[in-house]
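**Student:** Please find the sequence and the predicted model below.
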Amino acid sequence: MRQAFRAQAILSSKWTKVVVFLLCLTPFLMLIYRALTGNLGINPVETLQHTTGDWTLRFLILTLCITPLRKTLHQPEFIRFRRMLGLFAFFYVCLHFLTYLGPDQSFSLSGMWLDIAKRPFITVGFLAFLLLIPLAVTSTAGWIRRLGGKRWAQLHRLIYAGAILGVVHYDWLVKSNKIRPLAYGAILTVLLIWRVGYFAKTRPQKTAESLPPAPA
Amino acid sequence: MLIKKGSALTYADVTPRSIYLNRRQFLYRVGIVGALATLGSEIRRTILRAETVFAESSFSNLVRSPYSTTEKQSSFNDVSHYNNFYEFGTDKSDPAKNAQKFKTSPWVVSVEGEVKNPRKYSLDDLQKLAPLEERIYRHRCVERWSIVVPWIGYSLSVLLKQFEPTPKAKYVAFQSFFDSAQMPQAKYGGIDFPYVEGLRIDEAMNPLALLCFGMYGNSLPPQDGAPVRLVIPWKYGYKSIKSIVKIRFQEKEPPTTWNRYSSSEYGFYSNVNPNVDHPRWSQARERRLGEIFTRPTVIFNGYGDQVASLYNGMDLKKFH
């Protein structure tokens, strides 16, 4: 009981939020440092693309861990980090997109559209990116109010599709050693199945009005 | 003999040259960075180079080849630290780390199949078949990166002409060395081993097809396919099979590793072709290692004058 109380104190401290923010920024700072010291490897563009892609998937997964953590550990305070983690996923996907639009497509939008239309691996990646844009835009308190909690929550279920498409995008890139994309896929599957189980269990006991506002 | 073995030139003697080459390469690569960056990179590269130890011998009196390109060569460091050699791991940096203890001596290459006079060669015998040439070729990977490498070897046709094929012989099959004890990372590769490749006989006899023993003046580093490999510059990199132990004349089109893994994605011919995309990505452009932006890919990797006639009347999309 005392331990749970302490955990809650840590979770609700404003300093924890600062620390988590800095941790989330670390992969980005590391990339900057590696770029400045010439440590991005033999194919620097590929390193930037792979690293930002990896961190996008990791942050999507971390974002999707929040609700299960809140419920299973009975620590509602975890919610304080969800928006930040989600926005970091969006931050890294934007960098990821720029490393594609710039070095790969030489900032040519026409070339990009052709590539997106024709290449399934690019198509699903771009679709995942598009799905995350409205989520980032409506991440503010103002937008939650404007949309209403229930509609906002429904909209934000798009993260499930975004994460699935992101993992498919990775899987379709890899030639034959599928261990890493499959690992992401496995974690994502567990997180999504947990949700199916949890909401199947809780929904019949509650009316629509009493549902928590943000079951993402 | 033209081949000088075990010369006094040691591995340490080559280092300054490639570091020098790297510096230019490097400036190209990270244009945004100033003096600080150069310093950091130099230190890192020096450490990297010091870590890599493999038995190397140098070649002298190399014949210059008219097939060489004058394009800017990739650095030795790039070509030896960015490899696809799935027997030693699937990350580009894995082979340089994991292949250093690869035992390449003694080495025997067996030539067999539909021939009247099959025989086995030691590496020594094989290297002495013809004067060794330096050929600077473009090399295009199916993954859309490319390099320019000064390879050392002679035309594969020189070896094949030693044999009297039976009338049945239509194709040449190649097989790489495989030993799971020496290559424990191979089990994560996702493809079957030993690695196998193949060419039609007329492709194999084209003078551009190189039987390759070295690069950058020295014998091949293990991660680049020591001690003997093919270099087929007009085809995607995976056709240039590494660490060859068996060459077989045969009637039927031989199975090839990547084709067996996914036939819609990797054809038997695998000619570099910007107009025939990989099902999952475009082949229209490529990134030369060391460069930020991509460049257009040229059909047959720019070797059309020498090889296009091999495919006259063929549907290059169907026979991709």
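**Tutor:** Nice, thanks for sending it over.
**Student:** alpha carbons only for contacts and neighbour counts from here, please
**Tutor:** Fine.
**Student:** With chain B in mind, check whether the lengthiest helix in chain A reaches it.
**Tutor:** If you go by DSSP state H, chain A has its longest helix at helix A:44-73. Yes. Helix A:44-73 comes into contact with chain B (CA under 8 Å from any CA of the partner chain), by way of A:44, A:45.
**Student:** Now do that helix: distance to the chain's middle.
**Tutor:** A distance of 5 Å separates the centroid of the chain from that of helix A:44-73, by CA atoms, centre = their mean, to the nearest Å.
**Student:** And stretch A:124-140, by the same measure?
**Tutor:** From the chain centre to the centre of stretch A:124-140 is a distance of 10 Å (CA atoms, centre = their mean).
**Student:** cool, stretch A:177-190 as well?
**Tutor:** Between the centre of stretch A:177-190 and the centre of its chain there are 15 Å (CA atoms, centre = their mean).
**Student:** who touches it?
**Tutor:** Outside of stretch A:177-190, the residues that reach it under the criterion CA atoms under 8 Å, 6 or more residues apart in numbering or on different chains are A:57, A:61, A:163, A:164, A:167, A:168, A:170, A:171, B:90, B:188, B:189, B:190.
**Student:** which residue packs closest to the residue most central in space within chain A, ignoring adjacent ones?
**Tutor:** Nearest to the geometric centre of chain A sits residue A:60, at 2.0 Å (CA atoms, centre = their mean). Sequence neighbours aside, residue A:89 is the residue nearest to residue A:60 in space, at 5.6 Å (criterion: CA to CA, 6 or more residues apart in numbering or on different chains).
**Student:** What's the separation between the one you found and residue B:230?
**Tutor:** According to CA to CA, to the nearest Å, residue A:89 and residue B:230 sit 44 Å apart.
**Student:** which SSE is residue B:117 in?
**Tutor:** Here residue B:117 sits in a region with no helix or strand, counting by DSSP states H and E.
**Student:** Three-state assignment for residue 182, please.
**Tutor:** Went with chain A since none was named. Following DSSP: H, G, I helix; E, B strand; the rest coil, we place residue A:182 in the helix state.
**Student:** Wait, chain B was what I had in mind.
**Tutor:** Reduced to three states by three-state DSSP, residue B:182 is coil.
**Student:** if we can go back for a sec, out of the contacts of stretch A:177-190, which end up buried?
**Tutor:** The neighbour-count test (16 or more other CA atoms under 10 Å in any protein chain shown) applied to the contacts of stretch A:177-190 identifies A:57, A:61, A:163, A:164, A:167, A:168, A:170, A:171, B:90, B:188, B:189 as buried.
**Student:** what's the neighbour count on residue A:109?
**Tutor:** Counted with other CA atoms under 10 Å in any protein chain shown, residues neighbouring residue A:109 total 12.
**Student:** swap that for residue A:65, sorry
**Tutor:** One way to gauge burial is a neighbour count; for residue A:65, by other CA under 10 Å, it gives 18.
**Student:** so what's it up against?
**Tutor:** Shown in contact with residue A:65 (CA under 8 Å, 6+ apart): residue A:191.
**Student:** re the thing from before, just the buried residues of the longest helix of chain A, please?
**Tutor:** Buried-residue list, helix A:44-73, by 16+ other CA under 10 Å: A:44-49, A:51-68.
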